[in-house]
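# Sequence isn't available, so here's the structure alone:
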């Protein structure tokens with residue numbers, strides 16, 4: 001299995017399975033001398049950690065990273081940075097039937113075809129959303145590095161099921177347990193999650209992310225544009241099914257005169273009067289806020305009976321999934337989106353002409 005991101009400057013390798021002894025990551029290419037605040041990193045990881053409320057999985061894990069190498073006296077030393085998170089609350093017996101009876105909507109069947117049944121199916125194995133925890137280790141460190149350059153990456157829940165948070169996203173929501181701008185919308189979203197769980201079902205949603213402070217000139221045309229890199233890393237997150245930048249698909253219904261962002265001068269700097277482009281033109285940042293939205297499918301593990309096919313007998317069977325699962329992955333996905341975006345932007349800055357300084 002290839003689980004390595006090879007960027008312009010950074011390489012990230014993620015290893016482990018949902019119910020293996022540990023999961024972890026190695027991040028190579030970090031400049032030496034970057035301070036790492038372990039308390040701030042832990043707070044970031046806690047936002048993604050399972051088992052903290054009634055809208056996530058009951059599985060509880062502390063998700064405390066243990067750094068094996070790459071740090072010296074609280075700063076990066078230039079060597080590859082490796083960290084592990086030990087799994088403790090595992091229930092492998094809940095997944096015994098999945099070796100021969102794949103779950104609809106999961107990678108059980110495709111992994112069986114590709115790896116011949118040798119893959120670990122417990123909790124989804126290497127295909128599990130559990131592997132976003134080491135991604136958040138890397139992203140959490142890179143968020144701290146970006147903050148030194150006054151660049152912030154902030155995400156929020158925009159939509160869950162049919163409930164949308166229309167409030168302007170002008171301030172961070174990271175300290176909220178349920179990261180919406182509008183608390184009223186958040187209450188309705190939690191009710192939609194509760195309704196789905198009670199009915200043995202699940203719901204999906206949309207996460208909106210805004211990157212502020214990125215300078216103009218980051219990115220490349222064609223294959224190494226900012227949209228390319230962000231999209232690549234977003235689709236590394238399980239359950240992501242779509243992404244749009246700026247006005248996104250709504251631009252298809254506009255005229256050019258509506259969609260174009262007029263240039264202007266503001267305090268001696270070239271700016272735009274609107275931001276339908278989402279801060280990116282020709283794959284390169286224009287100095288405005290980078291805005292994108294990521295769509296997450298409903299959690300495929302639901303307690304309702306579903307139809308599957310027994311891989312040994314090749315007979316159709318009814319599957320009833322047991323175990324512990326999120327009725328909605330979106331709230332816990334918010335910091336994961338921030339982590340992936342931080343990795344994308346950091347790599348482009350470190351590897352481009354606007355090198356880190």
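Happy to help now that I have it. Treat the numbers as computed from the prediction; the structure is a model and nothing was measured. Numbers count the residues shown, from 1 in each chain.
# Over to the nearest residue to residue 36 once chain neighbours are set aside. Which of the three states is it?
The shortest distance from residue 36 to any non-neighbouring residue, by Cβ to Cβ, 6 or more residues apart in numbering, is to residue 141 (5.6 Å). (C-beta placed from N, C-alpha, C; glycine too.) Three-state assignment for residue 141 (DSSP: H, G, I helix; E, B strand; the rest coil): helix.
# ok, residue 141 touching residue 35?
No. If you go by Cβ atoms under 8 Å, residue 141 and residue 35 don't touch, sitting 9.8 Å apart.
# Looking at the two, which is more packed in?
The neighbour comparison of residue 141 against residue 35 (other Cβ atoms under 10 Å) goes to residue 141, with 30 against 13.
# And that one, how far from residue 260?
Distance, residue 141 to residue 260, by Cβ to Cβ, to the nearest Å: 38 Å.
# next one: residue 209
23 Å.
# higher neighbour count, these two?
residue 209 (24 against 14).
# Could you pull up the residues touching the more buried one?
By Cβ atoms under 8 Å, 6 or more residues apart in numbering, residue 209 lies in contact with 153-155, 290-294, 337-338, 341.
# Make a markdown table out of these and add pLDDT.
Below are the contacts of residue 209 laid out as a markdown table (pLDDT from 0 to 100):
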| residue | pLDDT |
| --- | --- |
| 153 | 98 |
| 154 | 98 |
| 155 | 98 |
| 290 | 98 |
| 291 | 98 |
| 292 | 98 |
| 293 | 98 |
| 294 | 98 |
| 337 | 98 |
| 338 | 98 |
| 341 | 98 |
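# Can you pull out the low-pLDDT segments for the stretch 101-250 of the chain?
118, 121-123 (pLDDT under 70).
# Now with 90, please.
101, 106-130 (pLDDT under 90).
# ok, which stretches of it are strands?
152-160, 163-164, 205-212, 240-245 (DSSP state E, counting those that start in this stretch).
# of those strands, which approaches residue 278 most closely?
strand 240-245 (3.8 Å; Cβ to Cβ).
# Let me know the next secondary structure element after the closest one.
Counting by DSSP states H and E, the element after strand 240-245 in chain order, helix or strand, is helix 256-259.
# and that following helix, how far from the chain's centre?
31 Å (Cα atoms, centre = their mean, to the nearest Å).
# Let me see the ranges of the helices in the stretch 1-150 of the chain.
For the stretch 1-150 of the chain, the helices defined by DSSP state H, counting those that start in this stretch occupy 38-48, 108-115, 132-147.
# Would you mind saying which of these lies nearest residue 20?
Short answer: helix 132-147, nearest of the helices of the stretch 1-150 of the chain by Cβ to Cβ, at 11.9 Å.
# between that closest one and helix 38-48, how many degrees?
Counting by axes from the mean of the first three to the mean of the last three Cα atoms, to 10 degrees, helix 132-147 points 130 degrees away from the direction of helix 38-48.
# No more questions from me, cheers.
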